[in-house]
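Chemist: Requesting a structural model of the entry that follows:
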Amino acid sequence: MGWQLQRGLLNPLDDGSPGSPWWRAVNERLLRDTCEARLRVLGHPGPASSPSVEPSVRFARHPSPRTWYVAHNTTIVRAYIEHHDLAERENRIERFLINLVLVRVLYAHALVAAPRLALAWLAPIARWLGDPRLDVTGMFLSVSRVLPHVYPLEGELDDFIADEHPFGRLLDLGVITPRLTELYRWSADELQIPDVTDLVCDATPAYAWDPNDREPWAPPPTRLALAARRAFPSQSGTRV
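Modeler: Next up is the predicted model:
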């Protein structure tokens, strides 16, 4: 949230530096689901405004890292799908970041709920790495290390990718990319949102993004990334 505020993503739309309609809409869904879940837990009647409210109720009643991710990511993914038209209005750099955020929150969830899928033979420590209560999770979710605190970003996407924190690129290219299709398929089952599988195409994130525009997602891997792929091989069919 600090990153979003610093970039001005949540500024009023009539501000001198207006924010992003897409980011505002996604955050509104998160706030609404959380408030509705709280009311339902407190016994207030009435239908929920979205199917994404119930996972937040389950988390409130049975808190755990896994139920937190299901609640959070169900809301986020449904908001992504609901506001696809707003994402289409963002420029190429912003749409790349929107996809990157989704990739990483789905992967962080898998660390907790499907550790072998996420981290192969290091599965025994995956749940600790993905625990949302620990600061270490920030390493997986951070996209703010090199981004200017301005919105919208302008320039060439390749320049921002080249400046990304080395750990982030190693994670993306060496660990997540080889299991990207499997990750989205698993997330669709875990969140009970079949449309998640439509957000990736040929191992390329495809939310408001042309899947033929593969270069930003599949640059030549570095030696470290190749070593990471060998060290953490994708295990097709792994469920937990």
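
Chemist: Can you pull the phi/psi pair for Cys201?
Modeler: Backbone torsions for Cys201, taken as degrees, to the nearest 10, come to phi -150, psi 120.

Chemist: Any regions of the protein where pLDDT drops low?
Modeler: Across the chain, the ranges flagged by pLDDT under 70 are 136-148, 163-171, 173-174, 219-229, 231-232, 235-240.

Chemist: what ranges do the strands span in it?
Modeler: With DSSP state E as the criterion, the chain has strands at 200-201, 204-205.

Chemist: got a markdown table for those, with distance to Leu106 and mean neighbour count too?
Modeler: For every residue, glycine as well, the C-beta is placed using N, CA and C. Output for these, formatted as a markdown table (distance: least, C-beta to C-beta, whole Å; neighbours: other C-beta atoms under 10 Å):
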| stretch | distance to Leu106 | mean neighbour count |
| --- | --- | --- |
| strand 200-201 | 10 | 21 |
| strand 204-205 | 10 | 21 |
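
Chemist: so which of these comes closest to Ala123?
Modeler: strand 200-201 (22.7 Å; C-beta to C-beta).

Chemist: Just list what that closest one packs against, helices and strands only.
Modeler: Other helices and strands packing on strand 200-201, by 3 or more C-beta pairs under 8 Å, 6 or more residues apart in numbering; DSSP states H and E, are helix 180-191.

Chemist: please redo it, this time with the cut-off set to 10 Å
Modeler: helix 92-113, helix 180-191 (3 or more C-beta pairs under 10 Å, 6 or more residues apart in numbering; DSSP states H and E).

Chemist: quick one: the shortest one to helix 92-113, angle?
Modeler: By that I understand helix 180-191. Orientation of helix 180-191 against helix 92-113 (axes from the mean of the first three to the mean of the last three C-alpha atoms, to 10 degrees) gives an angle of 60 degrees.

Chemist: would you turn the strands of the chain into TSV with distance to Asn99?
Modeler: What follows is these, written out as TSV (distance: least, C-beta to C-beta, whole Å):
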stretch	distance to Asn99
strand 200-201	9
strand 204-205	4
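
Chemist: between the ones you listed, which gets nearest to Asp213?
Modeler: Proximity to Asp213, assessed across the strands of the chain by C-beta to C-beta, is greatest for strand 204-205 (7.8 Å).
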